[in-house]
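# A structural model of the following input is requested.
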Amino acid sequence: MSQTDLQEIKDYWRQKYPLVEILLWKHDQDSKYYGRMRYLEESTHFACETMGELIGQGEQFLRKVT
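A predicted model of the protein is given here:
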């Protein structure tokens, strides 16, 4: 997955959840995906092996806070 794919996911989530701060990136050296989300007093950080796992963890946080 490329940076463009991560940007598309982030744009979709921002449109659906405009008050949630979202940061997603891929670390090229270890080939892992990372994310940070924050909404009011709640926040989460995650490290994932796959893009699917990143999406799953992000969706789980978004359902919890909204």
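# Name the SS class of the residue in the chain sticking out farthest from the centre, please.
Distance from the C-alpha centroid of the chain, by Cα atoms, centre = their mean, peaks at Gln29 (19.1 Å). In three-state terms, and counting by DSSP: H, G, I helix; E, B strand; the rest coil, Gln29 is coil.
# need the helices for the chain, in chain order.
3-16, 51-65 (DSSP state H).
# where does the protein have low pLDDT?
1 (pLDDT under 70).
# Give me the distance between the residue farthest from the centre of the chain and Glu21.
25 Å (Cβ to Cβ, to the nearest Å). Where you see a C-beta, it was placed from the backbone N, CA and C, and this is true even at glycine.
# out of the helices of the chain, deepest packed?
helix 51-65 (a mean of 15; mean count of other Cβ atoms under 10 Å).
# What is the burial count for the residue nearest to Val65 when sequence neighbours are not counted?
Leaving aside its chain neighbours, Val65 sits nearest to Tyr39 (4.3 Å; criterion: Cβ to Cβ, 6 or more residues apart in numbering). Neighbourhood size, Tyr39 [other Cβ atoms under 10 Å]: 17.
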